[in-house]
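> Fold the following for me, if possible:
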Amino acid sequence: MSALADTQERADGAAPAAQDAGAEAACSTSSAGYQASASASTNVAELLSKDNEDESLRRYKEQLLGAAASGDLGNTSDPRMVVIEEFRIIFEAPDVHDMAFNLSTDEGVAMLKSAGIKMKEGSKYKFRFSFRVQHEIADALTYHVSLTKLGFGESDQIVLGSYPPQSELHMFEYPRRGWEEAPKGMLFRGKATAKCKFVDGKGTIHMDFSYPVNITK
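Numbering: from 1, shown residues only. Next up is the predicted model:
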């Protein structure tokens, strides 16, 4: 059970943000203890207008913001700021098919809650989230996960980083290196409940969902 919740990614939790264009536009997320400044702006136009007389700084901000600096703020007709398009479970074994769920609609979230995730004990796997950011920068985005079985549980949080708005999908995969391994043994077999949410540095919950996890022999 612990392998499903413990990703061992705290030490380098902000890596995807550093790789993404615009990842550092609003903040630095070098550790899981990062707290966003209440005065930090996530508005692209406001960030671009500040210190605009400094040509080198302007070019630097445009480079970080990527497509957003050219006016691409994603699907602005959708009021949501962070949209999880796909939650995918990838298995190392070539004969085990991926499991994928579209979480951008209520129907997709309901399907995940109904079907859940089933895997054999000892399976090696990783999670991948494909998501859109719209309107503003998603500042210090963090993934919170808890796993509960028979009244006992544990929780963890993984710092994804900060992401600019754009039409193109962002992706986050963990573990970033290697694979997680589903726990083995009678105590770990059976059903547990995973609860997940995506929260930004200002405390806004952008996505909140749960699903059953079934470990089989």
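> Which residue ranges of this structure form strands?
Per DSSP state E, the chain carries strands over the ranges 82-91, 99-101, 117-120, 124-133, 138-149, 152-163, 166-174, 180-181, 190-199, 205-216.
> Relative to residue 107, which of those is closest?
Closest of the strands of the chain to residue 107 is strand 99-101, at 10.5 Å (criterion: C-beta to C-beta). In this view, the C-beta of every residue, glycine as well, is placed from N, C-alpha and C.
> So what are the sheet partners of the closest one and their directions?
With DSSP bridges as the test, strand 99-101 is paired with strand 82-91 (antiparallel).
> got the buried residues for the partner strand?
By 16 or more other C-beta atoms under 10 Å, the buried positions in strand 82-91 come out as 82, 83, 84, 85, 86, 87, 89, 90, 91.
> Throw those into TSV and include pLDDT and distance to residue 209, thanks.
Shown next, in TSV, are these (pLDDT from 0 to 100; distance: C-beta to C-beta, whole Å):
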residue	pLDDT	distance to residue 209
82	96	13
83	96	13
84	96	8
85	96	14
86	97	13
87	96	9
89	96	14
90	96	19
91	96	21
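> what's the least confident stretch among the strands of the chain?
Of all the strands of the chain, the minimum mean pLDDT falls on strand 152-163 (a mean of 88).
> Reformat the strands of the chain as JSON lines; add distance to residue 73.
Shown next, in JSON lines, are the strands of the chain (distance: least, C-beta to C-beta, whole Å):
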{"stretch": "strand 82-91", "distance to residue 73": "13"}
{"stretch": "strand 99-101", "distance to residue 73": "26"}
{"stretch": "strand 117-120", "distance to residue 73": "33"}
{"stretch": "strand 124-133", "distance to residue 73": "9"}
{"stretch": "strand 138-149", "distance to residue 73": "12"}
{"stretch": "strand 152-163", "distance to residue 73": "12"}
{"stretch": "strand 166-174", "distance to residue 73": "8"}
{"stretch": "strand 180-181", "distance to residue 73": "35"}
{"stretch": "strand 190-199", "distance to residue 73": "19"}
{"stretch": "strand 205-216", "distance to residue 73": "16"}
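> Those: which one's closest to residue 46?
Going by C-beta to C-beta, the one of the strands of the chain nearest residue 46 is strand 138-149, 13.0 Å.
> just how off-centre is the closest one within its chain?
8 Å (C-alpha atoms, centre = their mean, to the nearest Å).
> again, but for stretch 73-90
Computed by C-alpha atoms, centre = their mean, the chain-centroid distance of stretch 73-90 equals 11 Å.
> who touches that stretch?
44, 98-104, 112, 117, 119, 125-136, 138, 141, 165-167, 169, 198, 200, 204, 206-207 (C-beta atoms under 8 Å, 6 or more residues apart in numbering).
> Right, I'll leave it there.
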